[in-house]
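Turn this into a model:
(one chain, ligands or ions: 1)
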Amino acid sequence: MQSNNHPLSEEGHTTRNIDPCILVIFGATGDLTSRKLAPALYNLGKDGLLPPNFACVGFARREKTHEEFRQDVKKDISTFSRIKPIDEGFWQNFHEQIFYHQSEFDDDAGYVRLASFLKQLDSQFATRANRVFYLSVQPKYFPMIIEKLKKHGMIYDPHDHTKWSRVIIEKPFGHDLASAAALQAQISENLDESQTYRIDHYLGKETVQNLLVFRFANSIFESLWNYKHIDHVQITVAEEIGIGSRGNFFEEEGLLRDIVQNHMMQLLSHVAMEPPVNLSASGIRDEKVKVLQSVRPLTEADFKEWVVRGQYGPGFINGQSAAGYRQEKDVHKDSPIETFLAMRLFIDNWRWAGVPFYLRGGKRLPKRGTEIAIIFKDAPGVLFQQREHPNLPNVLAMRIQPDEGIAMRINCKVPGPSSPIQPVKMDFRYGSYFGQTPPEAYERLIWECILGDSTLFARSDEVSESWSILTPVLEYWAAHPPKHFPNYPCGSWGPKEADEMIAKDGRSWRIL
Ligand SMILES: NC(=O)c1ccc[n+]([C@@H]2O[C@H](COP(=O)([O-])OP(=O)(O)OC[C@H]3O[C@@H](n4cnc5c(N)ncnc54)[C@H](OP(=O)(O)O)[C@@H]3O)[C@@H](O)[C@H]2O)c1
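I've put the predicted structure just below:
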């Protein structure tokens, strides 16, 4: 029943069979379910992508009837779905497939009742005992829930070909290298790697998937994709928003753990990987892991010179005053937590020898934008560089969000006799070209898990390699608390040290 077709292959879209199943969401009354998971399920259903034999059970602590839960889900869909307004005709049928199960995560009796309820739903919906368990809960509960599911017969033998069970695990996966390894060890006592689907929602984004198509289905770029032609790479994840009501969470995490260890490392490995031997999950993930293994370990000199941390202070966003991080709810008044990071990495392999990768991520920056920019080497200067306006290097910018698309900067002659050269942009936008906004990442990821394709989920060794690169930074920071926080105002592009860092290499950050 394991699918061999990859989502990126055209064949995959047309031939993959989807098994009947029940999806159980742990943490079904939480924020993530409201904003992302419930709308994702509705949109998958509307697009005809859920199996015809399907049911969903929400698992949480508070008392609720099935009907109350359905009403809450409907409200969430109406508020957060990308397709609005809600289609009442579709909802009338769909809501009958949604149920609620009240229990504490640590209560064995609750799992006994759950197992029997799921069997009852199997008879009602012909779901053939197949299960997806989505753990939208705090990480401390992951091992306990998996252990109880196994104990009560809901995690099957991975070699059982009559039925399957899969578990989607939300991020964060670990707090550093040691805790990720400990978490992995606990989980793997009860769950096989083939049953484990670690979410990094960036992998569900169309534009991230398109990176592989762009690189390996277009011969013109791949031949330039190396140290001979590329000067450097910039990866930016900029957020305009602050931490909102997630102060408690962010005080534990910080930006490195929240964004860099997972999303940015995924972008880095996609942009730098070698062509995989095939499009299977292991083919692609093997190559991504090799990139992470090739990242040059950071030394103490790097922590001082090539890693910059920042924290926002009060400032202005879009003309409105905005509070500093230390004034946010649930944040300590002298918090050392970083809301900005810039760093330089090298990938010590044949393709990328000597090419710096500059990473920059932050909150409360002037605008929201995630992009990977490939900055090519200058053309030889013999013909056009002496002019008043020298030609700028070619840049290929892949926008992950918003305005998903790809832009190429090329130099052009301005019409007229004086012939000045001007950089122009060739711009491809998903929305305008394909006439629709891409589906939400969570739609794609839930669908892939039901199909049994783990390509778009992080494998255990990917997670640990990423932690291996970044844990030394966290340790250095813990030993050297920041002296000058806050060091950038809301609405700016981060601390001046980030500009100084890249300027030492004679380069500058791109303006998004
Ligand atoms: N929210 C986001 O934008 C976001 C983004 C990325 C990743 N994540 C990750 O997703 C996970 C869930 O986040 P969230 O923001 O949705 O959390 P949340 O709003 O705090 O929701 C937690 C959920 O877990 C349930 N719960 C907590 N303790 C329980 C217990 N002992 N027994 C039974 N149910 C219990 C709660 O039920 P009751 O409400 O009934 O108590 C609620 O449904 C976390 O790992 C988070 O890091 C969240």
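
Spell out which parts of the stretch 51-200 of the chain neighbour the ligand.
If contact is defined as CB under 6 Å from any ligand atom, the residues of the stretch 51-200 of the chain in contact with the ligand are Ala60, Arg61, Arg62, Glu104, Phe105, Ser136, Val137, Gln138, Pro139, Glu170, Lys171. (C-beta placed from N, C-alpha, C; glycine too.)

wait, isn't the fourth one in contact with Arg61?
To tie it back to what came earlier, the one meant is Glu104. Yes. The pair Glu104 and Arg61 qualifies as a contact (CB atoms under 8 Å) at a distance of 5.8 Å.

Which one of those two is surrounded by more residues?
For Glu104 and Arg61, the more surrounded residue by other CB atoms under 10 Å is Arg61, and the numbers stand at 14 against 10.

For the stretch 401-512 of the chain, give the residue positioned nearest to the ligand.
Scanning the stretch 401-512 of the chain for the residue nearest the ligand gives Tyr442, at 9.8 Å (criterion: CB to the nearest ligand atom).

for the stretch 1-150 of the chain, same thing?
Taking CB to the nearest ligand atom, the stretch 1-150 of the chain has Gly30 as its residue nearest the ligand, at 2.3 Å.

Against Ile243, how distant is that residue?
The span separating Gly30 from Ile243 equals 17 Å under the rule CB to CB, to the nearest Å.

where does the residue in the chain sticking out farthest from the centre land in three-state SS?
With distances taken from the mean C-alpha point of the chain and given as CA atoms, centre = their mean, the most distant residue is Pro417, at 49.3 Å. Secondary structure of Pro417, reduced to three states by DSSP: H, G, I helix; E, B strand; the rest coil: coil.

Repeat that for Arg62.
Using three-state DSSP, the secondary structure recorded for Arg62 is coil.

likewise Leu359?
strand.

okay, it: pLDDT?
According to the model's per-residue confidence, Leu359 sits at a pLDDT of 98.

show me the contacts for it.
With contact set as CB atoms under 8 Å, 6 or more residues apart in numbering, Leu359 has these partners: Gln234, Ile235, Thr236, Val260, Met264, Leu268, Leu341, Ala342, Met343, Arg344, Leu345.

Quick check: the gap between the residue farthest from the centre of the chain and Gln97.
70 Å.

looking at this, Gly283 is in a helix?
Yes. When classified by three-state DSSP, Gly283 is found to be part of a helix.

ok, now which ones touch it?
Under the criterion of CB under 8 Å, 6+ apart, the contact list for Gly283 reads Pro276, Val277.

on that earlier part again, name the residue in Gly30 and Ile243 with the higher neighbour count.
Applying other CB under 10 Å to Gly30 and Ile243 shows that Ile243 carries more neighbours, namely 24 against 17.

close enough to count as contact, that one and Gly324?
No. Contact status for Ile243 versus Gly324: not in contact, 11.1 Å apart, counting by CB under 8 Å.

Name the nearest residue to the most centrally placed residue in the chain, sequence neighbours excluded.
If you average the C-alpha coordinates of the chain and look for the closest C-alpha using CA atoms, centre = their mean, you land on Tyr202, 2.5 Å from that point. Nearest non-adjacent residue to Tyr202, counting by CB to CB, 6 or more residues apart in numbering: His263, 4.4 Å away.

Next, the one you found: phi, psi?
Backbone geometry at His263, expressed as degrees, to the nearest 10, gives phi -60, psi -50.

so it makes contact with Thr236?
No. His263 lies out of contact with Thr236 (CB under 8 Å); the separation is 11.3 Å.

so what sits against both of the two?
When contacts are counted by CB under 8 Å, 6+ apart, His263 and Thr236 have Thr370 as shared neighbours.
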